[in-house]
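> Need a 3D model of the following:
(one chain, ligands or ions: 2)
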Amino acid sequence: MSVISIQNVCKTYVMSAGMSQDVLKNVNLNVEKGEFVAIMGPSGAGKSTFMNILGCLDRASSGNYYLSGKNVSKMNDNDLARVRNKMIGFVFQGFNLLMRRSILDNVSLPMIYDKDGRDPRVRRARAEKLLDMVGLTGFIDRFPNQISGGMQQRVAIARALVNDPEMILADEPTGNLDTKTSNEIMDFLVKLNREQGITIVLVTHEPDIACYAKRLVRVVDGQIAYDGDVKQYMENNKA
Ligand code: ADP
Ligand code: MG
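Ligands and ions are numbered 1, 2, ... in the order given. Below you'll find the model as predicted:
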């Protein structure tokens, strides 16, 4: 079964005075379990709009979105929030950690909304295990401002995994990191994808970062202009 099945999705922003803008125009996309997809495209093309729909942060104006077989296009806000918390792990450019909470709390908190996470001991054990996995064993009692940017992003990755999501959505995850740290974070995402079969969809404007994925989806003017092998695309579009 596809993790993502987007069928004829359109998004129209309606502004005041009857003005409207078609930002996504009949988009179709299927992503199977275990894929690693990079989304690229010029500024204003509709990437963020598309990511917001994929992440259940916003709804399409028309068309259907099946997330692991569940039609989320017509869900109300509460159901959408539940689906989001349970099925999607987010990794953002700015890490989005709670600065007044420990690393351990940052990773455990999303479990509170899940019925399996009601027991604090269960939450702690799972958070510790994930922080181990991202190489932060000795840092769990620190606060985000006491660790490096690369480490903060690893905390965010651990947090993204805590509810055992169907996929990870990463929006410019290396945008605030230097090249070396960016490559470390990308190597880590590749490892997660290869070894644990986690589906990853990543937005980036950097070709080097996109090349860590296998498949490239290029969004241009609200439509998918390329969908295929990332290396093939880069080969055919050398500067
Ligand atoms: P990208 O992420 O590729 O730069 P966006 O999805 O942010 O593109 O934006 C695509 C277009 O939709 C732009 O023209 C932008 O001005 C418009 N847009 C984005 N969000 C809104 C909104 N909430 N209301 C109205 N127009 C919007
Ligand atoms: Mg954007």
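
> Tell me the residues of this structure that contact ligand 2?
Contact residues (Cβ under 5 Å from the ion) of the chain with ligand 2: 47, 48. The C-beta positions use only the backbone N, C-alpha and C, and glycine is treated the same way.

> Tell me which stretches of the chain form helices.
47-54, 77-87, 103-108, 120-133, 149-161, 179-196, 207-210, 230-236 (DSSP state H).

> report the angle between the axes of the fourth one and helix 149-161?
Counting by axes from the mean of the first three to the mean of the last three Cα atoms, to 10 degrees, helix 120-133 points 130 degrees away from the direction of helix 149-161.

> 128 is where my numbering starts, stick with that
Sounds good: first residue 128 from here, last item helix 247-260.

> who does helix 247-260 touch, helix- and strand-wise?
Helices and strands touching helix 247-260, as assessed by 3 or more Cβ pairs under 8 Å, 6 or more residues apart in numbering; DSSP states H and E, comprise helix 230-235, helix 276-288.

> Dump the ones you listed to CSV, plus mean neighbour count and mean pLDDT.
Putting these into CSV (neighbours: other Cβ atoms under 10 Å; pLDDT from 0 to 100) gives the following:
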stretch, mean neighbour count, mean pLDDT
helix 230-235, 24, 96
helix 276-288, 23, 96
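
> Point out where this protein drops to low pLDDT.
Applying pLDDT under 70 to the chain flags the ranges 242-243.

> Look up how far ligand 1 lies from the residue nearest the centre of it.
Closest residue to the average C-alpha location of the chain: residue 296 at 0.9 Å, with Cα atoms, centre = their mean. Going from residue 296 to ligand 1 by Cβ to the nearest ligand atom, to the nearest Å gives 13 Å.

> Ok, residue 343 next?
Taken as Cβ to the nearest ligand atom, the span from residue 343 to ligand 1 is 15 Å.

> what residues are up against that residue?
Applying Cβ atoms under 8 Å, 6 or more residues apart in numbering, we find residue 343 in contact with 164, 165, 166, 167, 337, 353, 354, 355, 356, 357, 360.

> 10 Å instead?
By Cβ atoms under 10 Å, 6 or more residues apart in numbering, the contact list for residue 343 reads 164-167, 334, 337, 353-361.

> Same question for residue 157.
So residue 157 contacts 129, 130, 131, 132, 133, 134, 193, 354 (Cβ under 10 Å, 6+ apart).

> correct me, but residue 128 touches residue 158?
No: with contact defined as Cβ atoms under 10 Å, residue 128 does not count as touching residue 158 (11.0 Å).

> Without its sequence neighbours, what residue ends up closest to residue 161?
Of all residues not flanking residue 161 in the chain, residue 324 sits nearest, at 4.3 Å (Cβ to Cβ, 6 or more residues apart in numbering).

> How many residues are close by that neighbour?
10 (other Cβ atoms under 10 Å).

> Now that it has come up, it's in contact with residue 160, right?
Yes: here residue 324 lies in contact with residue 160, judged by Cβ under 10 Å, at a distance of 6.7 Å.

> can you list residues touching both of these two?
Shared contacts of residue 324 and residue 160, defined by Cβ under 10 Å, 6+ apart, are absent.

> which one of the contacts of residue 157 has the most neighbours?
residue 133 (23 neighbours).
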